[in-house]
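Chemist: next come a sequence and a model predicted from it.
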Amino acid sequence: MEQRLDAMGGTGLESWGPQWLPDGMVDFRIWAPDAPSMKVVTGFADLPMTRQEDGWPHVAISGLKPGDSYSFRLPDGRTVPDPASRAQAGDVHGPSLLIDHDSYEWKNNDFRGLPWEETVILEMHVGTFTPEGTFRAAIEKLPQLRDVGITAIEIMPVAQFRGERGWGYDGVLHYAPHSAYGTPDDFKALVDAAHGLGLMVFLDVVYNHFGPEGNYLGAYASPFFRQDDPTPWGASIDFSNPAVRKYFADNAMMWIGDYRIDGLRFDATEQIRDEESEEHFLEELTRSLRTRFADRHLHLIAEDQRGRRSLLRRDEHNQPVVFTGTWSDSLHHCLHVLVTGESKGHYKRFEDSLWDNLRTSAAEGFLFPDDPAHADWPVPPNVYVNYIQNHDQIGNRAFGNRLNTLISADMMEVLTAMMMLIPHTPMLFQGEDFNDDSPFCFFADFEGELGQAMRDGRLGEAENFGGMPEGKTLADLPDPMDPVTFHASKIEWSKADSEEGHKARLRLKALTDIRREHIAPLMRRGPTVPGTILPAPDGLLAIDWAFPDGTLSLRVNLTDQPARLPGILGTVLYAQTVAGAEHGARLDDLPGPGIVVGLNRLDGAP
């Protein structure tokens, strides 16, 4: 029997999706306030549903088993899938499947996640992570991630979207893992295997919009959406409606409860608009999740273009009130402008005062916070999830080329070391662990006018992410609807076994070892203050973080000339291109590009 998890108890609302009853019957329900009548279509009958005053028609049916298909018939005769479908027989237009979440036999029941300070993330896309592009195929690669010090995989959205190929941000059936990747049990097997290796699994969820094809809610539940203030991707969602809140809350509970996901990354939280409610949906949801899963290390991560520090506030015990952490573009954008010279589109406002912006983003996080009234709220530095590459920054480029194809190997190593050894939480993109240089492009599987509109939109995206290479036009761009573009975006695992791939993994392992042994322990007791920026000429960074147990020092030369930087007192944890750096040495001259990270541990610190 599927075990229901009450996301926001006491609402009195029905739960979304079919429920297995103790007597073996299945209770079908759907929120359809606009439909005067609804039917459930099964393999043997169309059965009318009993309409309730609250807009939740339902009917209980016997004789069904897991794997059976069903759908709903609207008054106009159209047949639609369950918006809370747990799995699809085919695509987003076809019938839904009955799933019994209690039938999976978990092998690793004792895993409860890891503390946030131990988090080292690798972002992955299931369809391109392996040649097969499935949940099951990804399992065999997990030991390689564990062996280089990755502690969490962050999976791009898997909610069912139209077609076979896509990034996942066009999902319309939020409860159903995409059928091209495998079954719900296949997804659980991936999570189970990760837990057996000590890896956490985070899932990217998209609660700010529905995809452009396959969403039928407007036909029978128009109050689900607002008629004003649309998002960049279509109609905005009315989070002031209790049934809508319940839809997404139940969904989050399902991923964490039924699939044992260790954390969720919430896409574009600035587009989740709920200012009219007494308590914003995100605050209510995150509070409810933390209460329900208090026995686990649960990590909730925001993507928030507004840079709201209020979403990152801590309580008197330094525990998250809303989100554990947030993706932060600031450091990436500053570094990208610096090392590539690209300053178009999203990078434009980071060009002015570049070096000051770079120092500030490395020391403090957000460069342009949208809630200055909360600028003084103390948050630990590891709330900021930093990266030098992710799916957006690679895939939205004209040809999906990675950073290591744009800059020197030496500079790439310096940036990687910087990202891994500052107190912010580091995130790599799939293949980055072995320096893969294969592209990751934007791809989708839409037809007709919608497919053409997406093709036409690629030029604008390319201009926002570095611009078109000289001499190239829209006609030269990879066709996002062509399966060739999708297959070209798969990781080239053979490179992991090359000499270069082997060396890259050894370097990464050395960095994650330092982070685990020396830096993570510093953050268990704070602090909640930013780093201190030390005077240094442009081209150089010198930042100290004063933790209760010692001071972590970063010195970076991002030029190609030797430079003198403020020295480091204490132990040199990591040094690149520094000749003769001995244990406990004071370092003054740093060849470029180069980096030194040191730790001056206080006497008596554990």
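Modeler: Thanks, I have it.
Chemist: pull the number of nearby residues for residue 50.
Modeler: 11 (other Cβ atoms under 10 Å). Heads up, the C-betas are built off the backbone N, CA and C, glycines and all.
Chemist: for stretch 444-461, which residues meet the burial criterion?
Modeler: Across stretch 444-461, burial judged by 16 or more other Cβ atoms under 10 Å covers 444, 445, 446, 451, 454, 455, 458, 461.
Chemist: quick one: the last one is in a strand?
Modeler: No. Assignment of residue 461 by DSSP: H, G, I helix; E, B strand; the rest coil gives helix, placing it outside any strand.
Chemist: right, and it touches residue 394 too?
Modeler: No. Using Cβ atoms under 8 Å, residue 461 is not in contact with residue 394, being 12.0 Å away.
Chemist: tell me the phi and psi of residue 175?
Modeler: phi -90, psi -10 (degrees, to the nearest 10).
Chemist: ok, it to residue 160 distance?
Modeler: If you measure residue 175 against residue 160 using Cβ to Cβ, to the nearest Å, the figure is 8 Å.
Chemist: out of these two, which sits in the more crowded spot?
Modeler: Per other Cβ under 10 Å, whichever of residue 175 and residue 160 has more neighbours is residue 160, with 28 against 24.
Chemist: for that one, give me phi and psi.
Modeler: phi -50, psi 130.
Chemist: my read: it touches residue 177, true?
Modeler: Yes. At 7.3 Å, residue 160 counts as touching residue 177 under the criterion of Cβ under 8 Å.
Chemist: show me how the chain divides into domains.
Modeler: Listed by automatic domain parsing, the domain ranges of the chain are 120-244+267-279+302-514, 527-601.
Chemist: so where's the stretch 401-550 of the chain uncertain?
Modeler: Scanning the stretch 401-550 of the chain for pLDDT under 70 picks out the ranges 526-527.
Chemist: where do the helices sit along it?
Modeler: Along the stretch 401-550 of the chain, the segments classed as helices by DSSP state H, counting those that start in this stretch run 409-421, 448-464, 483-488, 499-514, 520-522.
Chemist: ok, and the closest non-adjacent residue to residue 155?
Modeler: For residue 155, ignoring the flanking residues on the chain, the nearest one in space by Cβ to Cβ, 6 or more residues apart in numbering is residue 203 at 5.3 Å.
Chemist: so how far is residue 432 from the one you found?
Modeler: Residue 203 is 20 Å from residue 432, by Cβ to Cβ.
Chemist: give the buried residues for stretch 546-563.
Modeler: 547, 549-559, 563.
Chemist: for that stretch, list the C-alpha coordinates in CSV.
Modeler: What follows is stretch 546-563, C-alpha atoms only, in CSV (Å, rounded to 0.1, in the frame of the first residue of the first chain):
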residue,chain,number,x,y,z
ALA,A,546,38.5,33.7,10.7
PHE,A,547,36.8,30.5,12.0
PRO,A,548,36.7,29.8,15.7
ASP,A,549,39.3,27.0,15.3
GLY,A,550,41.6,28.9,13.0
THR,A,551,42.0,31.2,10.0
LEU,A,552,41.7,29.9,6.4
SER,A,553,43.7,31.9,3.9
LEU,A,554,43.3,32.1,0.2
ARG,A,555,45.9,33.7,-2.1
VAL,A,556,45.4,33.6,-5.9
ASN,A,557,47.3,35.1,-8.8
LEU,A,558,45.1,35.3,-11.9
THR,A,559,47.6,36.9,-14.1
ASP,A,560,50.5,35.4,-16.1
GLN,A,561,53.1,37.3,-14.1
PRO,A,562,54.7,36.6,-10.7
ALA,A,563,53.2,38.7,-7.9
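Chemist: quick check: residue 17 touching residue 84?
Modeler: Yes. Counting by Cβ under 8 Å, residue 17 touches residue 84, with 3.6 Å between them.
Chemist: so what strands line up beside the worst-scoring helix or strand of the chain on mean pLDDT?
Modeler: Least confident helix or strand of the chain, by mean pLDDT, DSSP states H and E, is strand 589-590 with a mean of 76. If you go by DSSP bridges, strand 589-590 pairs up with strand 563-564 (antiparallel).
Chemist: for the following helix or strand past the strand it pairs with, packing partners?
Modeler: Later in the chain than strand 563-564, the nearest helix or strand by DSSP states H and E is strand 571-576. Applying 3 or more Cβ pairs under 8 Å, 6 or more residues apart in numbering; DSSP states H and E, we find strand 571-576 packed against helix 409-421, helix 499-514, strand 594-601.
Chemist: would you mark the buried spots in strand 571-576?
Modeler: Quick answer for strand 571-576 (16+ other Cβ under 10 Å): 572, 573, 574, 575, 576.
Chemist: circling back to that earlier point, let's have the domains of the chain in CSV, adding distance to residue 254.
Modeler: Below are the domains of the chain laid out as CSV (distance: least, Cβ to Cβ, whole Å):
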stretch, distance to residue 254
domain 120-244+267-279+302-514, 6
domain 527-601, 34
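Chemist: nearest to residue 62, of those domains?
Modeler: domain 120-244+267-279+302-514 (23.1 Å; Cβ to Cβ).
Chemist: what about the closest one, how long is it end to end?
Modeler: For domain 120-244+267-279+302-514, the first-to-last residue distance is 12 Å (Cα to Cα, to the nearest Å).
Chemist: centre of the chain to that domain, how far?
Modeler: 5 Å (Cα atoms, centre = their mean, to the nearest Å).
Chemist: got it, and stretch 33-46?
Modeler: Chain-centre distance of stretch 33-46: 36 Å, with Cα atoms, centre = their mean.
Chemist: send me that stretch as CSV with only the CA atoms.
Modeler: Taking C-alpha atoms only, stretch 33-46 is exported to CSV below (Å, rounded to 0.1, in the frame of the first residue of the first chain):
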residue,chain,number,x,y,z
PRO,A,33,-13.4,22.5,-9.9
ASP,A,34,-14.3,23.5,-13.5
ALA,A,35,-15.6,20.1,-14.6
PRO,A,36,-19.3,19.3,-13.9
SER,A,37,-18.5,15.6,-14.3
MET,A,38,-15.4,13.4,-14.5
LYS,A,39,-14.8,9.7,-15.2
VAL,A,40,-12.0,7.3,-14.5
VAL,A,41,-11.0,5.2,-17.6
THR,A,42,-9.4,1.8,-16.8
GLY,A,43,-8.8,-1.2,-18.9
PHE,A,44,-12.3,-2.5,-18.4
ALA,A,45,-14.6,0.4,-17.8
ASP,A,46,-15.3,4.2,-17.7
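Chemist: which residues touch that stretch?
Modeler: 28, 30, 32, 47-49, 51, 55, 57, 59, 61, 63-64, 68-75, 79, 95, 219-223 (Cβ atoms under 8 Å, 6 or more residues apart in numbering).
Chemist: show me what residue 590 bridges to in the sheet.
Modeler: Beta-bridge partners, per DSSP bridges, of residue 590: residue 563.
Chemist: overlap in contacts, residue 160 and residue 177.
Modeler: With Cβ under 8 Å, 6+ apart, residue 160 and residue 177 have no common neighbours.
Chemist: I'd like the buried residues of stretch 444-461 laid out as a markdown table, including distance to residue 328.
Modeler: Shown next, in a markdown table, are the buried residues of stretch 444-461 (distance: Cβ to Cβ, whole Å):
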| residue | distance to residue 328 |
| --- | --- |
| 444 | 27 |
| 445 | 31 |
| 446 | 31 |
| 451 | 33 |
| 454 | 28 |
| 455 | 31 |
| 458 | 26 |
| 461 | 21 |
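Chemist: closest to residue 291 out of those?
Modeler: Distances from residue 291 to the buried residues of stretch 444-461, taken by Cβ to Cβ, are shortest for residue 444, at 37.8 Å.
Chemist: what's near enough to touch that closest one?
Modeler: 163, 165, 166, 167, 170, 451, 454, 480, 481.
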